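> When you get a sec, could you give me coordinates for this:
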Amino acid sequence: MPKAQRLFLLVAILWLTVFIPSICCGETAGDTVRVDLRQDWLIYNNRHQTYAPFVENAASSSRSFSFILDKSSANNSNLACCFQGGSSLFIEQEIVAFYKRRKCISFDLDSLFQKYGREDLFVTVYNKSLDFNKFTTLLTAKRTEGNQLANTLIGEISVRDDSVFKNFYLLALLLFLIILSAVYNLNPRNFREFYSLHKAFSLKPRYDNISTLKIFNWSNLLIIFTHCLLISFMLIVVVGLLGEPIPYVRINIEGLGAGIWRWISLAFVVFLLILIKYILIKLLSTMMNLKKFDHIHFFEFIRISIFIYSLALIFAVVLLLAFYLPVANSFIWVVYLIAFLSVVRIVLLYLKFLRLSTFRNLYLFSYLCTTEILPLIIGFKIFVLDF
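Predicted structure coming up:
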């Protein structure tokens with residue numbers, strides 16, 4: 001079978017593995033939904049000092065929303081909620097929980113009413129970066145099996161809704177695989193150089209195909225931009241599923257078209273940052289009199305990075321297929337995986353360049369500190385520790 005056909009077959013298989021489970025599993029993978037409480041949300045109006053009904057898609061600067069649980073209508077039910085990261089939950093004006101990361105949980109309402117001894121409960125959710133689209137409040141049928149503990153949450157649930165984010169994920173993944181296939185067919189030789197697993201992790205690099213080292217070759221730029229699409233896709237998926245804002249990055253997908261546009265525009269931003277990195281590599285290699293080393297370094301950086309984010313993509317797809325949306329607590333491991341593999345990339349670059357006769361160990365270590373280690377520490381601080 002020709003390689004182009006094998007690649008197309010791979011695209012079809014990946015698409016089916018994502019699309020078919022979304023059809024087979026239905027809209028909910030957890031409890032049976034009785035009532036969506038979103039229609040009962042109340043927003044406090046500071047100007048009039050009163051509560052007003054929540055209006056979908058209306059502009060609001062509110063940092064909280066509330067709703068009332070009535071004992072008669074919530075009999076033999078659970079309260080199933082999904083919270084945006086950084087949210088506080090109040091019941092009867094008492095804080096009962098704080099969720100640092102996105103969380104989906106279920107409460108036994110009979111136990112709650114018994115604990116507070118009231119016929120109705122006033123529930124408030126507060127978040128200083130409130131995004132209404134990242135919250136779910138449902139009344140679900142109580143499960144008859146299992147051990148339900150009074151005054152405690154039953155356990156994590158997985159609510160699968162027909163969200164804009166899910167549609168964006170499926171469409172963007174398909175578009176990315178189509179673009180990847182098209183880029184391969186435009187220049188298979190260069191594509192195989194960048195996507196060679198053996199050469200990426202080989203400690204005895206050879207650069208026989210000198211065309212791959214011409215960074216501003218149109219074919220290479222397409223491959224690099226495709227890599228930027230992968231990075232931006234992973235960024236949107238991880239932020240969307242974790243439900244937490246990354247410092248200096250605001251990602252809010254309000255519609256399918258807006259999500260695709262945000263994905264492509266973010267890819268251009270990543271592409272610009274990669275070009276800035278190339279300029280930094282160029283300046284340092286010139287200052288240290290490392291002739292033609294800038295092209296080698298940049299090429300190896302991109303080649304190893306491709307496999308880092310490709311592995312992260314595979315890991316993310318497996319998580320989605322295994323746990324369905326949302327999987328906030330699991331997806332933090334995607335961030336840790338990328339961080340760990342980025343450290344491995346530095347080690348690989350050092351071992352590769354150490355074998356080139358033009359380097360001294362001190363020069364090479366100083367060079368990598370400036371071009372790789374320092375940017376990684378800054379990125380780790382912003383995207384992992386603060387995240």
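
> quick one: the helices in this protein?
Counting by DSSP state H, the chain has helices at residues 3-24, 109-116, 164-186, 188-194, 197-200, 218-242, 256-287, 293-323, 328-354, 361-368, 374-380.

> Go through the ones you listed and pick out the most buried.
The highest mean neighbour count among the helices of the chain, using mean count of other CB atoms under 10 Å, belongs to helix 218-242: a mean of 21. Every C-beta, even on glycine, is put in place using the N, C-alpha and C of the backbone.

> Look up phi and psi at residue 59.
The phi and psi values for residue 59, taken as degrees, to the nearest 10, are phi -70, psi 130.

> same check, this time on the one 3 residues further on
Backbone torsions of residue 62, given as degrees, to the nearest 10, read phi -70, psi 150.

> hang on, isn't it packed against residue 41?
No. Counting by CB atoms under 8 Å, residue 62 does not reach residue 41; the two are 10.2 Å apart.

> more crowded one of those two?
Neighbour totals were compared for residue 62 and residue 41, and residue 41 leads with 19 against 15 (other CB atoms under 10 Å).

> Show me how this protein divides into domains.
33-156, 164-385 (automatic domain parsing).

> With mean pLDDT added, can I get the ones you listed in TSV?
Output for those, formatted as TSV (pLDDT from 0 to 100):
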stretch	mean pLDDT
domain 33-156	80
domain 164-385	77
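
> I'd guessed residue 310 sits against residue 233; true?
No. Counting by CB under 8 Å, residue 310 does not reach residue 233; the two are 11.4 Å apart.

> For the most centrally placed residue in the chain, give its distance to residue 378.
Of all residues in the chain, the one closest to the mean position by CA atoms, centre = their mean is residue 238, 1.1 Å from it. Per CB to CB, to the nearest Å, residue 238 is found 19 Å from residue 378.

> before we move on, what about residue 268?
Taking CB to CB, one finds residue 268 at 21 Å from residue 378.

> With residue 257 instead?
From residue 257 to residue 378 the distance is 33 Å (CB to CB).

> before we move on, the earlier item: may I see the helices of the chain arranged in JSON lines, with distance to residue 79 as well?
As requested, the helices of the chain are exported to JSON lines (distance: least, CB to CB, whole Å):
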{"stretch": "helix 3-24", "distance to residue 79": "26"}
{"stretch": "helix 109-116", "distance to residue 79": "5"}
{"stretch": "helix 164-186", "distance to residue 79": "23"}
{"stretch": "helix 188-194", "distance to residue 79": "50"}
{"stretch": "helix 197-200", "distance to residue 79": "48"}
{"stretch": "helix 218-242", "distance to residue 79": "22"}
{"stretch": "helix 256-287", "distance to residue 79": "29"}
{"stretch": "helix 293-323", "distance to residue 79": "21"}
{"stretch": "helix 328-354", "distance to residue 79": "18"}
{"stretch": "helix 361-368", "distance to residue 79": "53"}
{"stretch": "helix 374-380", "distance to residue 79": "38"}
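
> how about those helices, which one is nearest residue 137?
Each of the helices of the chain has some distance to residue 137 by CB to CB; the shortest is helix 109-116, at 12.1 Å.

> CA atoms of that closest one as PDB?
Provided in PDB are the C-alpha atoms of helix 109-116 (Å, rounded to 0.1, in the frame of the first residue of the first chain):
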ATOM      1  CA  LEU A 109     -30.000  16.600  48.000                       C
ATOM      2  CA  ASP A 110     -31.900  14.600  50.600                       C
ATOM      3  CA  SER A 111     -28.800  14.700  52.800                       C
ATOM      4  CA  LEU A 112     -28.300  18.400  52.200                       C
ATOM      5  CA  PHE A 113     -31.900  19.300  53.100                       C
ATOM      6  CA  GLN A 114     -31.700  17.200  56.200                       C
ATOM      7  CA  LYS A 115     -28.400  18.800  57.200                       C
ATOM      8  CA  TYR A 116     -29.700  22.400  56.800                       C
END
